[in-house]
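Chemist: pasted the sequence and its predicted model underneath.
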Amino acid sequence: LQRAAMYEPVPADGSVPSTPEASTHVQRSHDEEGRQDMCCKGRFKTLAKMPTSIAFISGNEFCERFSYYGFRAILVIYFSRFLSWDDNQSNIMFNLFNMFNYLMSAFGGALADSPIGKYPIIVWFSVIYAAGNIVMAFTAIPGVTGTPPESWGCIIGLMLVALGTGGIKPCVSAFGGDQLDQSDKKLMRTYFALYYFIINAGSISMLITPMLRARVACFGQSECYPLAFGLPAVLMVIAILLFVAGRPRYHMVKPTRNVVVDTFKAVYLAIKLRYLRWRAGTEGGPSWLDYAAKDYGHEFVADIKVLKRLLIVFLPTPLFWTLYDQQGSRWTLQAEKMKMFGMGAIGDFQPDMMQAANTVLVLMMIPFFQRVVYPAVAACGINFTPLRRMTVGMVLCGVAFVVSGFVQLMIDDGVHMPGAAPGLSQIRFANTLTVPVNVTSSMIGALTVPQGISSYTTVSSGLINCTFTFGGAPVSLSQTAASTALYTVYLAQVAGVLQAVWSPDVFSSFAEPSNKGRLQFFNSLNETVALTSSPGDLSLTAGALSVTSFSDGEILSGDYTFRASSGAAIDMHVVGGALYTLALDENNRIQVAQDVAGNQVVPSCPGPPHHVPWCLALMAGVCALAVAAVCDRLRGRDSLLYHRSRIFVQRGAREHEGRDAGGVADDDGIWKCNCYPGCRVDRVLVAGDGVLRVCGHARRRHFSLRAVGPPLCLF
C-alpha cells in the first residue's frame, strides 16, 4: 500500500472513471512500477546513499560471523574425536559454550550503553575473541597439551571466545545504526536487511571448516583441527583490522543513559514503592510500574511496560532455542553414526556440515513463505498473525525431534552383526597361501578353500576336528566351538609346513553405530609386521602367525592407504561402524574381508538412499496440490488477487467499511480485504464495469486505488 500514491487518484465524489484512456493509464503505470521494482533500482539507490563507514562495519561483521560459524561448526566433532569425550560430555560442553555466549551479550550491551561507548567495547572484545581463536588453533596441534591431549587449552579458548563474541554481539549492529540518519527509515531498513544478509553469507564457513578438518591431513593426523580453527582466527584478525581502519569515518554517538541498568533500577524502585504503599494500605496507580514514573519519566516507564509484554510473548522461545541448538550437538553426533554420501568434487558430506543445511533451508524458505505460503493463507481468509506463526513453528520444531527419534531407531537397527543361533557356531577360513587347501571334517564335510577369506559356515557347537592338506603332510586341528560364537581359521605356510591358526571373532562388543571403522590384522609371515595408515595415526603390530583385535584397530571413516612394514599396501574406504579383517598372504599382499556393513542410514533423508527422490517428489506434490487448491478457490469465487499492493479482495457485496488491517473475513460472500500490518482499508467499491476501488490509508497517508483486469492468480 506504500505504492498507492503512484496510481491515478480517484475523484473525491466517489465516482469511478471508466473511460478506456483512464484504464489504460492506470494499467501502464502499474506495469512500469512493476518493472522498476523487478530491477531493484530503488534499492541500489538506497545502498548508494550508505555512508562509507558502513562498508567497514559490514566487512567486519562478515569476517566475524565467518569466524564464529566456522568455529562453532566443528566444535562438537573436536570434542568427540580429538579430545575423545563421549557424546554426553561433548553435548554438555557445547551447550555451556552457547549459554555463556548469550549471557555475555547482556554484559556487552550494558557496557556499550556506559560512558565508554560502543567503539572501544567492540575493539577490546574483538581482541579477546581473536585471542580465544588463536588459543584453540594452537592447542589443537597434537602434543601441545600432552598425549593424549588434555582439555585445559580448549577450556581457556572457549572462555575467551564466549567472552569476546558475547561482548560484541549486541554492539555492532547498533553501532552501524548510529552511522545513519535516524529519520531516513528506508535507509535504516535497507541497512538492517543488508546486515542480516551478511550474517547469512558468513555462515558459508559451516561448509568450509568441516572440509578443511576432514580433507586435509596435518601433523601425522587424518584430520587437521589446527587449520580448521586457524582459518576462523585469521578471519577474526582481519575483522579487527577492517573495523579499526574505518575509525576516521565513524560517527560516534555518546550514550545518554544506560538503558539496561536504568531498567533494572526502575523496576526495583517500582516494586519497592508498591510494597511500601501496600504496607501503608494506600491505593496505587493503574500499574505497579507507574510508581517509577516520577523518577524515570512516563515515556521510559511506558517502554518498560512494552518490554514486559514482550517478555510474556517470548516466554516459550527459550524452549524453542533449547531444541534448535541441538543441531550443533545432538544432531551432529547423530550424523556421525550415519553413512556419509558423496558431494562430487568437494568430497563426502561431513557430520558437522549438518548445521549448514539450516542456513540453506532458511534462505530458501523465507522467499517461498513470503511470496507463496502467507499470501495463499491470507487469500483463504485465515488471519495468520505472527503469534500464530510462532506457535506453528514451535510445533513443527517438536515434530522434527520426533522424526529424529525415529531416525535414531533406524540407525540402531541398521547395524547387523553376524551371529549363530543357540547351540550352533560359525566358522570361516582365511587362506593366505597361493594354492587351494583341502579341508576334511566330520562336522563340516569335505571342501576346498581357495586363496582369500571365505564366508562363514554354520556348524554344531562342540568339539571340532579338521584335517588340512595342500600337497604336503596333512595338518590336524582340534578345537571346541562355543555356542553362538564365530571363529576364523587362518591358513599359512612357514618353511614349507602348513600352519592353522584358530582365532575367535568378537563382534558383539561393537554392535552399536559408530563414526569409526574397526580392523583386525593377521600376519602370516614368520616375523613381526606393523600395519600403519596414511593419513591417520593407526598402528597395529602383529607377531609371527598372530592376529590383532578389533579394539586396537579403531579408525575414523574415510579413504586410507594401509601399509605393512613388509612392503605390502592397499587402498581402502573405511565406513563408520564397519568391521574389517585384513590378512597378509605369503606373496606379501593384503587380503580384505568386510565382516559388518556399517552405517546404512544417510543424513539426506530418513531411509536408504533410494528414498531421497521419493521424499522430494512427495514434498513437491504436496506443495503443488496446496497451490492448486488455493488458485481453484480464487477462480471459483470470481476473485481478484491484486498482487502489487498486497491486497486480496473477493467478490461479494458492493461496499464494505473496514477498520482492521488483519483482514478478518467470513465465507458469507461479503467483501473482505487483507493487507499487511501498518495499513487500513476504509472502503472497497466495485463499479458495474468491473473496476475495483480501494480507499484507506497507510503510514498516515490517505490513498485511493483502483485496478482493472480479469480475476488473476499469480502462483
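Modeler: Structure received.
Chemist: C-alpha from now on. contacts and neighbour counts both.
Modeler: Will do.
Chemist: tell me the SS of residue 186?
Modeler: helix (DSSP: H, G, I helix; E, B strand; the rest coil).
Chemist: that one: how many residues sit nearby?
Modeler: Close neighbours of residue 186, defined as other C-alpha atoms under 10 Å, add up to 11.
Chemist: and the one 5 residues further on, by the same measure?
Modeler: For residue 191, the neighbour count with other C-alpha under 10 Å is 21.
Chemist: mind checking the SS state of it?
Modeler: helix.
Chemist: against residue 182, how distant is it?
Modeler: The gap separating residue 191 from residue 182 is 12 Å, by C-alpha to C-alpha, to the nearest Å.
Chemist: can you check residue 295 too?
Modeler: Counting by C-alpha to C-alpha, the gap from residue 295 to residue 182 is 27 Å.
Chemist: now residue 250
Modeler: Going from residue 250 to residue 182 by C-alpha to C-alpha gives 15 Å.
Chemist: looking at those two, which is more packed in?
Modeler: For residue 250 and residue 182, the more surrounded residue by other C-alpha under 10 Å is residue 250, and the numbers stand at 20 against 11.
Chemist: contacting residues for the more buried one?
Modeler: When contacts are counted by C-alpha atoms under 8 Å, 6 or more residues apart in numbering, residue 250 touches 53, 179.
Chemist: count of neighbours near residue 397?
Modeler: There are 16 residues near residue 397, going by other C-alpha under 10 Å.
Chemist: again with residue 59
Modeler: 16.
Chemist: which elements pack onto the helix or strand where it lies?
Modeler: Residue 59 is located in helix 53-73, with elements delineated by DSSP states H and E. Using 3 or more C-alpha pairs under 8 Å, 6 or more residues apart in numbering; DSSP states H and E as the contact test, the elements touching helix 53-73 are helix 152-178, helix 185-202, helix 205-215, helix 225-245.
Chemist: which one of the ones you listed lies closest to residue 529?
Modeler: helix 205-215 (28.7 Å; C-alpha to C-alpha).
Chemist: doesn't residue 522 lie inside a helix?
Modeler: No. Counting by three-state DSSP, residue 522 falls outside a helix, being strand.
Chemist: list the contacts of it.
Modeler: Residue 522 sits next to 490, 542, 545, 546, 547, 548, 581, 582, 583, 584 when contact means C-alpha under 8 Å, 6+ apart.
Chemist: which two in those are spaced the farthest apart?
Modeler: 545 and 581 (14.6 Å).
Chemist: now stretch 79-88 - C-alpha only, CSV.
Modeler: Taking Å, rounded to 0.1, in the frame of the first residue of the first chain, the C-alpha atoms of stretch 79-88 are listed here in CSV:
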residue,chain,number,x,y,z
PHE,A,79,35.3,-32.7,21.5
SER,A,80,34.4,-36.3,20.5
ARG,A,81,37.3,-37.1,18.2
PHE,A,82,40.3,-35.1,19.2
LEU,A,83,39.6,-34.9,23.0
SER,A,84,37.9,-38.4,23.0
TRP,A,85,35.0,-37.2,25.0
ASP,A,86,31.8,-39.3,25.0
ASP,A,87,28.6,-37.9,23.4
ASN,A,88,27.1,-36.7,26.6
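Chemist: and for it, what's in contact with it?
Modeler: Looking at what lies outside stretch 79-88 - C-alpha under 8 Å, 6+ apart - the contacts are 90, 148, 149, 150, 151, 333.
Chemist: change it to 6 Å
Modeler: With contact meaning C-alpha atoms under 6 Å, 6 or more residues apart in numbering, stretch 79-88 is reached by residue 90.
Chemist: any buried residues in that stretch, and which?
Modeler: Across stretch 79-88, burial judged by 16 or more other C-alpha atoms under 10 Å covers 79, 80, 82, 83, 85, 87.
Chemist: quick one: low-confidence ranges for the chain?
Modeler: 1-48, 283-285, 345-346, 414-415, 472, 508-512, 603-715 (pLDDT under 70).
Chemist: where do the helices of the stretch 1-150 of the chain begin and end?
Modeler: Taking DSSP state H, counting those that start in this stretch as the test, the helices found in the stretch 1-150 of the chain are 20-39, 41-48, 53-73, 75-77, 87-112, 118-139.
Chemist: name the single longest helix found in this structure.
Modeler: helix 386-414 (DSSP state H).
Chemist: chain center to that helix, what's the gap?
Modeler: On the basis of C-alpha atoms, centre = their mean, to the nearest Å, helix 386-414 sits 14 Å off its chain's mean C-alpha point.
Chemist: which SSE is immediately downstream of it?
Modeler: From helix 386-414, the next helix or strand downstream (DSSP H and E) is strand 424-431.
Chemist: just the C-alphas of that next one, formatted as PDB.
Modeler: The C-alpha coordinates for strand 424-431 follow below in PDB (Å, rounded to 0.1, in the frame of the first residue of the first chain):
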ATOM      1  CA  LEU A 424      25.400 -73.500  16.800                       C
ATOM      2  CA  SER A 425      28.700 -71.900  15.800                       C
ATOM      3  CA  GLN A 426      30.000 -70.300  12.600                       C
ATOM      4  CA  ILE A 427      33.500 -70.900  11.100                       C
ATOM      5  CA  ARG A 428      35.300 -69.400   8.200                       C
ATOM      6  CA  PHE A 429      38.700 -69.900   6.600                       C
ATOM      7  CA  ALA A 430      41.300 -67.400   5.600                       C
ATOM      8  CA  ASN A 431      43.700 -69.000   3.100                       C
END
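Chemist: and the following helix or strand past it, what other elements does it pack with?
Modeler: Downstream of strand 424-431, the next assigned helix or strand under DSSP H and E is strand 437-441. Strand 437-441 sits against strand 445-449, strand 462-469, with contacts defined as 3 or more C-alpha pairs under 6 Å, 6 or more residues apart in numbering; DSSP states H and E.
Chemist: list the buried residues of strand 437-441.
Modeler: 437, 438, 439, 440.
Chemist: what of stretch 485-503?
Modeler: Quick answer for stretch 485-503 (16+ other C-alpha under 10 Å): 485-493, 498-503.
Chemist: may I have the distance across it, first residue to last?
Modeler: 11 Å.
Chemist: how far does that stretch sit from its chain's centre?
Modeler: So, by C-alpha atoms, centre = their mean, the centroid of stretch 485-503 is 50 Å from its chain's centroid.
Chemist: that older thread, turn the helices and strands packed on strand 437-441 into CSV, including mean neighbour count and distance to residue 559.
Modeler: CSV is the format used below for the helices and strands packed on strand 437-441 (neighbours: other C-alpha atoms under 10 Å; distance: least, C-alpha to C-alpha, whole Å):
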stretch, mean neighbour count, distance to residue 559
strand 445-449, 13, 30
strand 462-469, 16, 37
